[in-house]
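Peer 1: Quick one: sequence plus predicted model below, questions after.
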Amino acid sequence: MDWVCKNAAVMLSEMVDYSVENVVLLQKCLEKEIAVADLRSVFDKIESHIDFQSSRYGMSAVLLGYMGYYHPSRIIDFVFDNVKRGRLTRKEPFMPKFVYDYDISGTLVRIKNTELKTDTYVICADTYRVCVSREAPTGEIVSVTIILNDDYGRIEKWIQYHWYFKMTKMYQVFMEIYRYEDEKAFCTAIHGMCGEEEIIYGLSNTEFSIKLDSNGKILNVNFCEAPSVIKQRHLLF
C-alpha cells in the first residue's frame, strides 16, 4: 500500500518554496493520485488487519477534527486554550466521540469520528503516512493529510487539504513545517482558504518557538519572530 499518494509525498518532501503556486500544484497531484487509487481495496485491507482488542476510545479532541487525538499538529493544543486531546481509554464509554483502531503491531490504522461521522484510514509507507478521511455514510473523501517524519522519527512537516462536492472543490489547507535544534524547535504554521472561484487567496503563516525536554516532549510553545520558511515574495494576498 506504500504507493498511495507517493508522488504527492515526494513533492511535499522536496518542497522548499511554500508558495501558493506550489501548494496548488501539490493539491492537483494529490487529487490525481486519489482519483486513480483503488481506495476500496486499500480500506478493506486495512480493516482486515485491525486488532479490535487493542482499540482505544476518546471523549475529547472534538475540536481537532477528523483525526482527534492523533491530529498531526504538535502545537495546536498549546496555542488554543479550548483544544485538548484528552486521554485514550481501553474501556468503551457510552457514545465515545472517537474510536482508534490499531493493527497487531500497535500501529494506528483507522480513526472513527462519531461526531462528524467520518472514518480516517492511515496508510503507512517507509517515509510517510497518508491519512484519508471519508464520510462514513457516503464514502465521499473529505480530507487527505500527508505526514513526513525526519530520520529521528519526529514530525518534519505535514499538510492537510479539505474538500467538498466529491473532492471537486478544495476549500481549506493547513500545513506545519518544523526544524529542530537540540532542546528547542521552530514551527511555521500555514493556513490558506479558497473562495467561490476555487482560488487560494493567500497563505497566512505564524512562527512559533518550542521548548523541548531531553526526550523531545514539548514543554511550552511561544509566538516568535524566527525567520519564516516561506518566501514572502511568492505569497498572493
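Peer 2: Arrived safely, thanks for sending. The structure presented is a predicted model; accordingly, all values stated were derived computationally and were not measured. Residues are numbered from 1 along each chain as shown.

Peer 1: most remote residue from this protein's center?
Peer 2: Within the chain, the residue lying farthest from the chain centre (Cα atoms, centre = their mean) is F94, at 27.4 Å.

Peer 1: ok so that residue is a strand residue?
Peer 2: No - using DSSP: H, G, I helix; E, B strand; the rest coil, the assignment for F94 is coil, not a strand.

Peer 1: so who does the residue nearest the centre of the chain touch?
Peer 2: In the chain, the C-alpha nearest the mean C-alpha coordinate belongs to T145, at 4.0 Å (Cα atoms, centre = their mean). Residues near T145 by Cβ atoms under 8 Å, 6 or more residues apart in numbering: M67, P72, R129, V130, C131, S133, W158, I159, Q160, Y161. In this view, the C-beta of every residue, glycine as well, is placed from N, C-alpha and C.

Peer 1: quick one, strands of this structure?
Peer 2: Ranges of strands within the chain are 56-58, 98-102, 108-113, 118-124, 128-135, 141-149, 155-164, 169-181, 184-194, 200-212, 218-223, based on DSSP state E.

Peer 1: Which other helices and strands does the lowest-mean-pLDDT helix or strand in the chain contact?
Peer 2: Ranking every helix and strand in the chain by mean pLDDT, DSSP states H and E puts helix 76-79 at the bottom, with a mean of 85. Helix 76-79 sits against strand 218-223, with contacts defined as 3 or more Cβ pairs under 8 Å, 6 or more residues apart in numbering; DSSP states H and E.

Peer 1: Name the nearest residue to K211, ignoring sequence neighbours.
Peer 2: Once flanking residues are discounted, K211 sits nearest to L219: 4.5 Å by Cβ to Cβ, 6 or more residues apart in numbering.

Peer 1: Show me how far stretch 15-25 is from its chain's centre.
Peer 2: Relative to the chain's own centre, stretch 15-25 is displaced by 17 Å; criterion: Cα atoms, centre = their mean, to the nearest Å.

Peer 1: Could you do stretch 27-38 as well?
Peer 2: The answer for stretch 27-38 is 17 Å, by Cα atoms, centre = their mean.

Peer 1: Run through this protein and note the low-pLDDT ranges.
Peer 2: Applying pLDDT under 70 to the chain flags the ranges 1-3, 196-199, 225-237.
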